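**Student:** sharing a model that was predicted from the sequence below.
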Amino acid sequence: MFDIVMFRCLIVAFVATLIAAAPLVAQTNVTGEWEASFVTPLGPQELKIYLAQEGPRVSGHTTSEFGEFPVRGSINGQEIQLSWSLTDNGKTVEIRVTAKVEGESMKGSARLGDAGNGPFTAERTGS
C-alpha cells in the first residue's frame, strides 16, 4: 500500500513540474517593429522590419532606402527564417535571413542572392 501512495505522489509531483515549466517552452513571439541591419558587399544596409506572427508563420514588410517589400518566414522556438526580394538595377535579389531571437533582439546571417552572406542583427523597437 505504501508503494502505491508513494508512486501516486511522484506522478502528481511530475505533472505539477510539467505544468509549471510549460511557460518556459512557449513559442517566441516576434510580432512588432524591428530596426535591422546586415552587411552586403556594398556595405551595411539598415532597414525597418514590421512582423506579424501567427503560430510558426511570420509575415510583414520591410522599409528601407530601396523601398517597401513583403516579408515571409517561419519561426521554430528561437530560430527564425525570413525572406524578401528587392530589385537592384532591374535585377531581383532575394534576401534570406536565418537568426536566433533572444528577448528583444535577433542575431544571425543574411544571404543576398548570389552575392554572399553577411551578419544580420535586429532590435525590437515597438510592438
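**Tutor:** Cool, the structure landed.
**Student:** contact partners for the residue nearest the centre of the chain?
**Tutor:** In the chain, the centroid-proximal residue (CA atoms, centre = their mean) is Ile80; its distance is 3.3 Å. Ile80 makes contact with 28, 30, 58, 73-74, 97-101, 106, 108, according to CB atoms under 8 Å, 6 or more residues apart in numbering. (Glycine included, C-beta is placed from N, CA and C.)
**Student:** please convert those residues to CSV, extending it with distance to Ser127 and pLDDT.
**Tutor:** What follows is the contacts of Ile80, written out as CSV (distance: CB to CB, whole Å; pLDDT from 0 to 100):
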residue, distance to Ser127, pLDDT
Thr28, 14, 88
Val30, 10, 96
Val58, 15, 97
Gly73, 18, 98
Ser74, 20, 97
Val97, 20, 97
Thr98, 23, 98
Ala99, 19, 98
Lys100, 20, 97
Val101, 14, 97
Met106, 15, 97
Gly108, 21, 98
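**Student:** and the helices in this protein?
**Tutor:** For the chain, applying DSSP state H gives helices covering 2-21.
**Student:** least trustworthy helix or strand in it by mean pLDDT?
**Tutor:** helix 2-21 (a mean of 57; mean pLDDT, DSSP states H and E).
**Student:** mind showing which ranges of the chain have poor pLDDT?
**Tutor:** By pLDDT under 70, the weakly predicted segments of the chain are 1-27.
**Student:** how about 80 then?
**Tutor:** For the chain, residues meeting the criterion pLDDT under 80 lie at 1-27, 41-42, 88, 127.
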